[in-house]
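**Student:** I would like to see how this sequence folds:
(chains A and B)
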Protein chains: 2
Amino acid sequence: MSLETVSTSRSHGGVQGVYRHRSRATGTDMTFSLYMPPRAGEGARPPVVWYLSGLTCTHANVTEKGEFRRACSELGLAFVAPDTSPRGADVPGDPGGAYDFGLGAGFYVDATREPFSRNYRMWSYVVEELPELIGAHFPVDRARQSIMGHSMGGHGALTVALRNPDRYRAASAFAPIVAPSQVPWGMKALGGYLGDDRQAWRKHDAVALIEDGARFDSLLVDVGDADPFLTEQLRPEMLQQACARAGIPLTLHLRPGYDHSYYFISTFMQDHLRWHADRLG
Amino acid sequence: MSLETVSTSRSHGGVQGVYRHRSRATGTDMTFSLYMPPRAGEGARPPVVWYLSGLTCTHANVTEKGEFRRACSELGLAFVAPDTSPRGADVPGDPGGAYDFGLGAGFYVDATREPFSRNYRMWSYVVEELPELIGAHFPVDRARQSIMGHSMGGHGALTVALRNPDRYRAASAFAPIVAPSQVPWGMKALGGYLGDDRQAWRKHDAVALIEDGARFDSLLVDVGDADPFLTEQLRPEMLQQACARAGIPLTLHLRPGYDHSYYFISTFMQDHLRWHADRLG
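**Tutor:** Got it, this is the predicted structure:
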């Protein structure tokens, strides 16, 4: 598992790095960013917060616009941002060139349909390969991990957390897609990657997972009430109902006037990181 | 003076806007960003901090990566980021296509040489036209302004402040070019825009302005000691010497390990904004 350093810059007392490696999960080169906070001393290993990005994004969007470093520095958190899909000349994209499937739109699933099943294995990449790689190359505490994400990445964070409640001590999301089986973005993606077997979709749908028995200690979600995707694609009320029925404590903030952009995310990033830090010990 | 709203997004309790207008100074459309903090009440008018960007930048770089909004929101500061040059199909650029002259590299001067003198009038734009436009369209306090900038924009901020000490209550810079008459970037730009009359250059050179009698109450400068431009282009020690001789209090921080990027700027943005707020009252 070799790792190429693309860049490192000192920031807020720690180091913001960008790294590239050959992925066995996707069969492509993959790029991610990692912020290491200033370390408390020799041998200190900070906990790791995973951030999964939304449609069209790479690692760069949150790295440049997320405003997470000051809080991560103060709270002593490492922060990892993977890409949202495999990329490369040989990687198939959306047949119609749309932004919501294929490149930049991996939806954090292992595709089973051709021609996507060869490269689109973002579930395995995010849940297995990248944590191993980071544990091997950086002084982080793999026993203390948490996960968050935005939009498609909020979907990813919630589903990854619900299926791995013992690994992630906290999970939160900004404007997540909570029930992809029931909204246009998700139906296109899950159908395209997994085919027509709707039972297979349920493992990649936070609301369905909760209905099927998945549990998590507590969840934090922020959504802007001026988000243009609120009522058609995000539908946080479905998560609220599922959590209420299942007895999962959900803190859901509907933020007046906020939209879907990083101007929204960066506003509440510090609150989310504090929530994570409280649970990461 | 009409103004077109390109976008607005709520952020950190205020509104981050991007606006476009026809500029009489440059003869082109110009785009800028303005953050309005949450207002203390009806009729409240926040002071204005001007941020001048560096080579290759537009308004977007600091708007996306500067991490200024949280501090501006807490301190009640409006924050304006102009573009760094005129732009458009008819605007001449660097004859060789270089990044350090022409488009994205206006150097905050009014060019006197053809063919640049028609459009490259960024001094008039930043010092006269844009403040008038903003005063006319937004509820800000024009009696309380301050200015800061990065690299080429640090040069702009220092020269604008030194030539208008009654208008700007504070001035600071990240990694500024302090003596453009004596370094490669500046000699190319000042020669290209102003011609060979070195006396004309002195009005656009912070060190020369101080030598020629310009004064400012106090200045704040941060530079990273890992900045690749430190010794050839920035040379903060020349500002330090000029300020010492002139009795201008200069707070100069050489930051260990920091480079020239927004990872550096964003780290110290909050400190600079607090310095400005203290002086803006």
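**Student:** For the stretch 1-150 of chain A, which residues are neighbours of chain B?
**Tutor:** Proximity of the stretch 1-150 of chain A to chain B, by CB under 8 Å from any CB of the partner chain, involves residues A:9-13, A:16, A:64-65, A:67, A:69-70. To be clear about C-beta, it is placed using only N, CA and C from the backbone, and glycine gets the same treatment.
**Student:** Derive a PyMOL selection command for the buried subset of those residues.
**Tutor:** Entered in PyMOL, the line below selects the buried ones among these, by 16 or more other CB atoms under 10 Å in any protein chain shown:
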select buried, chain A and resi 9+10+11+12+16+64+65+67+69+70
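**Student:** and residue A:225, what is it in contact with?
**Tutor:** Counting by CB atoms under 8 Å, 6 or more residues apart in numbering or on different chains, residue A:225 touches A:254-258.
**Student:** and the spatially closest residue to residue A:165 that is not a sequence neighbour, how far is that from residue A:166?
**Tutor:** Using CB to CB, 6 or more residues apart in numbering or on different chains and skipping the chain neighbours, the partner closest in space to residue A:165 is residue A:216 (5.1 Å). As judged by CB to CB, to the nearest Å, residue A:216 and residue A:166 stand 10 Å apart.
**Student:** cool, residue A:220 as well?
**Tutor:** 19 Å.
**Student:** same check, this time on residue A:17
**Tutor:** Separation of residue A:17 from residue A:166 (CB to CB): 28 Å.
**Student:** Compare these two (neighbour count), which wins?
**Tutor:** residue A:17 (19 against 5; other CB atoms under 10 Å in any protein chain shown).
**Student:** what secondary structure does the more buried one sit in?
**Tutor:** Following DSSP: H, G, I helix; E, B strand; the rest coil, the label given to residue A:17 is strand.
**Student:** which residues pair with it across the strands?
**Tutor:** Judged by DSSP bridges, the bridge partners of residue A:17 are residue A:8, residue A:34.
**Student:** The most centrally placed residue in chain A bridge partners, please.
**Tutor:** Compute the mean C-alpha point of chain A, and by CA atoms, centre = their mean the closest residue is residue A:52, 2.0 Å away. Taking DSSP bridges as the rule, residue A:52 bridges to residue A:149.
**Student:** List the buried residues for stretch A:216-233?
**Tutor:** Residues of stretch A:216-233 classed as buried: A:216, A:219-224, A:227, A:229-230, A:233 (neighbour count, 16+ other CB under 10 Å).
**Student:** Ends of stretch A:29-43, what's the gap?
**Tutor:** Stretch A:29-43 has an end-to-end distance of 30 Å (CA to CA, to the nearest Å).
**Student:** Of all the residues in that stretch, which ones are buried?
**Tutor:** For stretch A:29-43, the neighbour count (16+ other CB under 10 Å) marks A:30-37, A:39 as buried.
**Student:** Would you list the phi and psi of residue A:11?
**Tutor:** phi -160, psi 130 (degrees, to the nearest 10).
**Student:** Now do the helices in chain A.
**Tutor:** A:59-65, A:69-75, A:122-124, A:130-137, A:152-163, A:184-194, A:198-201, A:206-211, A:236-246, A:262-280 (DSSP state H).
**Student:** Out of those, which gets nearest to residue B:172?
**Tutor:** The closest of the helices of chain A to residue B:172 is helix A:69-75. By CB to CB, the value is 18.8 Å.
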